[in-house]
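Participant: heads up, no residue letters with this:
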């Protein structure tokens, strides 16, 4: 019984240390990125209108023009690739498996099932992350047709609007998504762009719609 308790504690302490190290590292990176991005946005808001025109703005917000249509393609911002996450989760699973087999070898057989359960949980978490790693949304304005396509997990959505009948609702607050509405049909856009840039994105889409109507 003492072996079982010691093995369980060692496995918990080891995995907790690794998970805390991973979480601490990724949290600091994410926090640093968020701080730098927010600092950049705050700096832009305090600049003059002339300087703002020369400030770098993501091309995904400005849109891309191929000569016949405008498009905005937004992707989920992930700080770690699926292959890197596989290596990290694989290392965690390997450590847990080694601890489980080590104590199984000395007679503490109840440690190994916990290790296998933990590996299964890591596998499920990795699969979930891999499914959502390629999430995106695309808005295309071609003539009098607006096409909105989005992928969330394994679900692919596609909607089509008539640009002359479509309204882009203004944002009441920074965290609100952009709404495109035509009669009773509506959809939301801008999930994968920073909240501070959504008003600019909405303005870009609206201006392209108005310029398209003027022709």
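Facilitator: Now that the structure is in, tell me what you want to look at. Just so we're clear, the structure is a prediction, and the values are computed from it rather than from any experiment.
Participant: residue boundaries of the strands in this structure?
Facilitator: Using DSSP state E, the strands of the chain run over 64-65, 69-75, 136-142, 145-152, 155-162, 167-169, 178-182, 185-189.
Participant: would TSV of those with distance to residue 111 and mean pLDDT be doable?
Facilitator: Using the backbone N, CA and C atoms, a C-beta is placed for each residue, glycine as well. Shown next, in TSV, are the strands of the chain (distance: least, Cβ to Cβ, whole Å; pLDDT from 0 to 100):
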stretch	distance to residue 111	mean pLDDT
strand 64-65	55	90
strand 69-75	42	92
strand 136-142	43	93
strand 145-152	39	93
strand 155-162	40	92
strand 167-169	57	88
strand 178-182	52	90
strand 185-189	48	90
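Participant: CSV for those, including mean neighbour count and distance to residue 207?
Facilitator: Formatted as CSV, these follow (neighbours: other Cβ atoms under 10 Å; distance: least, Cβ to Cβ, whole Å):
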stretch, mean neighbour count, distance to residue 207
strand 64-65, 12, 13
strand 69-75, 18, 10
strand 136-142, 19, 11
strand 145-152, 17, 14
strand 155-162, 13, 17
strand 167-169, 17, 10
strand 178-182, 19, 13
strand 185-189, 17, 15
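Participant: Make sure residue 141 is actually in contact with residue 65.
Facilitator: No - contact criterion Cβ atoms under 8 Å: residue 141 and residue 65 do not qualify, at 9.6 Å.
Participant: Break this protein down into its structural domains.
Facilitator: Under the assignment automatic domain parsing, the domains of the chain span 2-35+80-132, 59-76+135-213.
Participant: Can you flag the weakest of those by average pLDDT?
Facilitator: When those are ranked by mean pLDDT, domain 2-35+80-132 comes last with a mean of 70.
Participant: Any idea how far apart the tips of stretch 170-186 sit?
Facilitator: 14 Å (Cα to Cα, to the nearest Å).
Participant: got the contact list for that stretch?
Facilitator: With Cβ atoms under 8 Å, 6 or more residues apart in numbering as the test, stretch 170-186 has contacts from 139, 146, 148, 159, 161-162, 165-169, 187-191, 195-196, 198-199, 201-202, 205.
Participant: before we move on, back to that, make TSV out of the strands of the chain and add distance to residue 58.
Facilitator: Shown next, in TSV, are the strands of the chain (distance: least, Cβ to Cβ, whole Å):
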stretch	distance to residue 58
strand 64-65	11
strand 69-75	9
strand 136-142	14
strand 145-152	18
strand 155-162	23
strand 167-169	19
strand 178-182	15
strand 185-189	15
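Participant: quick one: contacts for residue 112?
Facilitator: 100-101, 103-104.
Participant: if we go to 10 Å?
Facilitator: When contacts are counted by Cβ atoms under 10 Å, 6 or more residues apart in numbering, residue 112 touches 7, 11, 96-97, 99-105.
Participant: rewinding a little: which residues are common contacts for residue 141 and residue 65?
Facilitator: 71, 208.
Participant: Done for today, thanks.
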